Every structure is written in structure tokens, then in C-alpha cells.
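1. A predicted structure for the sequence below; I have some questions about it.
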Amino acid sequence: MRRVVRFWLGDELREVAGVTPTTTLLDWLRGVEGRTGTKEGCNEGDCGACTVLLTRLRDGRVVHEPICACIRLLATVDGCRVATVEDLARDGELHPVQRAMVAQHASQCGFCTPGFVTSLWALRLDHLEPPDEAEIEARLAGNLCRCTGYGPIVRAARAMYALEPVPSADPLLVETELWHTRLGAVRDAEPLVFDGPDGARLIAPVDLDELAALRARHPDALLLAGGTDIGLRITKELDRPPLILWLGRVAELQRIEEGPEELRIGAAVTWREAAAALRRLAPGLGELLVRFAGEQIRSAATVVGNLANASPVGDGPPALLALDARLVLRHGDRRRELPLADFYRAYRRTALELGEFVEAVRIPRPPPGTRVIFEKVSKRREQDIATVSAGIALAVEDGRVRHVRLAFGGMAAIPARARTAEAALEGAAWDEAAIERATVALARDFAPISDHRGSAAYRRTAAANLLRRLWLESRGVPVRLHAAEPALG
């Protein structure tokens, strides 16, 4: 059992103990390390001013990911390397990203600049060839500029390749073997027990059976995976849970298994890690994978966490409901499976029993000929919470609907399938009349509320129009102002 958190900060090894487990990485960087280049903006993972680069081992490979330090607990960077904007320049020489930002006059007030610089650094590490503008914009979706100076920043993203056209010369890539050795040296098979002076504790087991036993003994403990929702409870609601069980060191929960019948995703797999497998399962999920927050959140948020969170406006549930996903639930030595459609019981309430947790999600491969679609209506295209979202799986054969699943978020207290609308389409001729019957049936499936994101009438109209758009697009009618971009990661 280990009682210190070990990680690299830049090129220096840190061993930390005696700190409350709810200390965020941002607070540690600014308050203890004096690395004030990393800014506190929203303190909820929305603006990207606190972006840092996390380097870690994943399946034996060194990977570099941008993350939001404001909602990342310090203990969860155990075994990683954290780099801030202060680590970019070497020997008095600015990094190509920094030089490009200067050359393009891409900094105005300067507050958001370190976060943009770090995100561009992550983009450059991922892409040895210059990405197109759509990809640049998608990767910067998690960074907000209060001065609205996005044009020069995008130009800087292009210019960093012209100033130094060999990204593989970046020290982090040149030193891959060094970091493989360094990161391997701070990893071990010992459970981490991190005690704070206030009596709070974080436990990070390394074995799935050990996690199950801990959960059974401590059913009221807070389960932590990516922390992108829990981080807000800590920073905004000032929640201080006495015991946290962190899933991030359990190897079994980090697995992605692609089989001929299904895709299985463990509870600690992030959206960034799962993106490629999800696209292979259903290319139509591209819109979901791009619009699920920004890259910093996709690098931390887990697929299972997004489902288990039980938010009525979560992005993942409608899509996976449409794919007939099933959850693997674990309590001690006992496992059971439950359709995702039966998991949600009421607002933020699920079918989890006391001491039980979600071990994985199993997603069947769609029937042949099935078109899978994700739709999201929100005030901002990127980095926003849905007003209405829809997951649709549809197969039409010989002019009739052979298979249909319609699932919606934002239309009720829970994400749910529109079973009456499905019944109106199942086996029917695929025509405009059937679509209109389905839109009428939606009113019997859902009675949405009005809130600051949209009125009940707006939600009903938007959901019905998503079905009408599905029909029009199936007839080749162009109705979109944009097309989904490829998901990154």
C-alpha cells in the first residue's frame, strides 16, 4: 500500500502526501508550485484557461492529452507527467506554438492565451501533418476567448507548422523513450491510499475484485472515474466527501473489447480513448463524438460515467439507448446485466443497488443496413448542454421500416426511448405520413418541462423536427448548414 501520490511536474518528480484528497490540480499548481501561467477562469471545465498537458502510459504507449486542471483532482495524476505552459520554452527558445501565437498577434488580454497555447501544443503532438481548419476548430472547442480573437488563434495553429514544419522534433516526441521509462518507474501494483489532514481519504485500488470489495464495504463512498461532473461538486458546491474510490488505476476497467457481436467498454475508458471503436461500431456517432464537450473533457470523461451520471441531458445515453446497450453491474462477487433502457428510474436515480457499481457497457453491433444518427439541439454547437438530443437507429428494407429505435434526452426527467413513436414506425411504409404519425406519437411519449434552455413547446417542436429532418435527408434533401466532422482521438 502506497500513501504518497507520485507524478512528474515538467522534468521534476513530485511525491505528495498530507493534502486533502479534494485538492484540485489547478489549486496545487498555482498555490503550491507557483505555476500561475495556468489560469482559473470558470472553475468548471468550460473555458479551457486552465488547460495543461497530461502525459501517461496507455496500453504500453506514451500518450499526451490536454485536460482541465480546475476539475482534475491532484491525486488522479498519479503515475503521470503534468506539463504547464511554463514547460514549453527550452533553453530560452520559444516553442513553435508560442512563436506562432506571437507572429499572428493571437493574444489580446492574454488571460486565455496559456490555455490556447497548451491545446495547440497537444494538437501538434497528435498531428505531424497540418490539420485542416475544421479539425483545428474542433480541437479548440474547449477553449474560450473572452476577447473573441479566434481568427488569429486559428491562423497561429496553421502558422506553427510553417515556422517549424517538423513536429516530430518536439522534445516530448524526441524523448518518448525517456518518458516511457520515467512513467514506468512511478507506476506500481500497490493500491494508493491518500489521506488528508481533515480525515478525508481517497483509495485507488488496482484490482477489480478489490474495488468491488471496497464498494460493498463502503456503499456511501463517492465513486470517481474522470471527475468531469464530480469536479463541479467540489469546486462549485464545495462538497467534501469523506471517502473517494478512484477507478483510474484498475486495469480491467480500462479495456476496450471489440468482438463480432458487440463492443465492450470498461468503466474507466474515456470518450477520447473509445472514439475510434465507437466510430467503427457506428460511423453515424461522429456527431456525438465531436459535440461531446471539448477535447479536454473528452480526455477525462468516461463513457460509463456519462451513462451512470443519469443526467436527463447527457449526450451519451440517447445514442446508446438507440443501440440497445446493456450495463454490466457489479456487487461484491455478483454480476448482473441490465438494459440501459431499464437503468434510469427517476431524475438522477438509477437501478443501482446499495454497494453496486457499473463495471462496463456492452453495445451490440447494429443490425445490417441500420443507419445510426445522433442529433443535438443546443445554443452553442460545441461545448454546450443539450436542449434536446436524439439517438436514432433505423433500418429500411423494401420501403418499409424493419428496425427502429428513437431515444431522446432533454424531453423528460430521464433519457428514454420514445416507444409510442417507435411503434408508429415499426413495420410501416417509410414515407412522410409515417413520420407525421411518429411526431404526433412523441407527444404521448414525453411531457417536457420549460427551463432556461427551452420551453416545453420548443422541445416538443424540436424533437418532432428532428424526425422530419431524418425523413428529408433520407430523400436526399439538403437541410443542414454543417456536416459532422471526424471525431478526434
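-> Structure's in. What do you need? Residues are numbered from 1 along each chain as shown.
2. which other residues reach the helix or strand encompassing residue 232?
-> In this structure, residue 232 sits in helix 230-235 according to DSSP states H and E. Helix 230-235 is contacted from outside by 22, 24, 43-45, 68, 70-73, 222, 224, 239-240, using C-beta atoms under 8 Å, 6 or more residues apart in numbering. C-betas here are computed from N, CA, C, even on glycine.
3. Make JSON lines out of those residues and add distance to residue 306 and neighbour count.
-> Formatted as JSON lines, the contacts of helix 230-235 follow (distance: C-beta to C-beta, whole Å; neighbours: other C-beta atoms under 10 Å):
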{"residue": "22", "distance to residue 306": "22", "neighbour count": "24"}
{"residue": "24", "distance to residue 306": "21", "neighbour count": "24"}
{"residue": "43", "distance to residue 306": "21", "neighbour count": "20"}
{"residue": "44", "distance to residue 306": "16", "neighbour count": "15"}
{"residue": "45", "distance to residue 306": "14", "neighbour count": "29"}
{"residue": "68", "distance to residue 306": "16", "neighbour count": "32"}
{"residue": "70", "distance to residue 306": "19", "neighbour count": "29"}
{"residue": "71", "distance to residue 306": "15", "neighbour count": "29"}
{"residue": "72", "distance to residue 306": "17", "neighbour count": "26"}
{"residue": "73", "distance to residue 306": "18", "neighbour count": "26"}
{"residue": "222", "distance to residue 306": "17", "neighbour count": "18"}
{"residue": "224", "distance to residue 306": "14", "neighbour count": "22"}
{"residue": "239", "distance to residue 306": "19", "neighbour count": "12"}
{"residue": "240", "distance to residue 306": "24", "neighbour count": "14"}
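4. Please tell me how far the most centrally placed residue in the chain sits from residue 117.
-> Centroid check for the chain by C-alpha atoms, centre = their mean gives residue 298 as the closest residue, at 3.0 Å. Applying C-beta to C-beta, to the nearest Å, the value for residue 298 to residue 117 is 19 Å.
5. Then residue 235?
-> In terms of C-beta to C-beta, residue 235 sits 23 Å off from residue 117.
6. Between those two, which is the more surrounded one?
-> Higher neighbour count among residue 235 and residue 117: residue 117, with 24 against 20, using other C-beta atoms under 10 Å.
7. which ones are touching that one?
-> Going by C-beta under 8 Å, 6+ apart, residue 117 touches 85, 88, 97, 98, 101.
8. Buried residues in the helix or strand encompassing it, which are they?
-> Assigning secondary structure by DSSP H and E places residue 117 in helix 113-126. For helix 113-126, the neighbour count (16 or more other C-beta atoms under 10 Å) marks 113-126 as buried.
9. for stretch 50-66, same thing?
-> Within stretch 50-66, the residues scored as buried using 16+ other C-beta under 10 Å are 50-57, 62-66.
10. What pLDDT is listed against residue 50?
-> With respect to pLDDT, residue 50 scores 98.
11. show me what contacts it?
-> Residues near residue 50 by C-beta under 8 Å, 6+ apart: 26, 38, 39, 40, 41, 68, 69, 70, 115.
12. swap in residue 434?
-> Counting by C-beta under 8 Å, 6+ apart, residue 434 touches 401, 424, 425, 428.
13. The first one touches residue 428, doesn't it?
-> Yep, that's residue 401 we're talking about. Yes - between residue 401 and residue 428 there is a contact under C-beta atoms under 8 Å: 5.5 Å.
14. Neighbour count for the two, which is higher?
-> residue 401 (20 against 17).
15. rewinding a little: mind putting the buried residues of stretch 50-66 in CSV, distance to residue 306 included?
-> Below are the buried residues of stretch 50-66 laid out as CSV (distance: C-beta to C-beta, whole Å):
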residue, distance to residue 306
50, 21
51, 21
52, 22
53, 23
54, 20
55, 24
56, 21
57, 24
62, 26
63, 21
64, 23
65, 17
66, 19
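16. quick one: which of those residues sit in strands?
-> The strands, defined by DSSP state E, take in 51, 52, 53, 54, 55, 56, 57, 62, 63, 64, 65, 66 from those.
17. ok so residue 151 is a helix residue?
-> Yes - checked against DSSP: H, G, I helix; E, B strand; the rest coil, residue 151 lies within a helix.
18. how many neighbours does it have?
-> As a burial measure, residue 151 scores 11 neighbours (other C-beta under 10 Å).
19. quick check: longest helix of this protein.
-> For the chain, the helix that runs over the most residues, judged by DSSP state H, is helix 456-474.
20. Which strands and helices lie in contact with it?
-> Applying 3 or more C-beta pairs under 8 Å, 6 or more residues apart in numbering; DSSP states H and E, we find helix 456-474 packed against strand 371-377, strand 388-397, helix 432-445.
21. Tell me the buried residues in that helix?
-> The neighbour-count check on helix 456-474 (16+ other C-beta under 10 Å) flags 459, 460, 462, 463, 464, 465, 466, 467, 469, 470, 471, 472 as buried.
22. in the stretch 251-400 of the chain, which spans are strands?
-> Here the stretch 251-400 of the chain has its strands, by DSSP state E, counting those that start in this stretch, at 256-258, 262-266, 326-331, 334-339, 344-346, 349-350, 357-364, 371-377, 388-397, 400-409.
23. and residue 248, which of these is closest to it?
-> Shortest distance between residue 248 and the strands of the stretch 251-400 of the chain, using C-beta to C-beta, is found for strand 262-266: 11.3 Å.
24. Paired strands for that closest one, with orientation please.
-> strand 256-258 (antiparallel), strand 357-364 (antiparallel) (DSSP bridges).
25. winner for burial among those strands?
-> Across these, the average number of neighbours (mean count of other C-beta atoms under 10 Å) peaks for strand 357-364, which reaches a mean of 22.
26. need the contact list for residue 136.
-> By C-beta under 8 Å, 6+ apart, the contact set of residue 136 is 123, 154, 157, 158.
27. Noted, bye for now.
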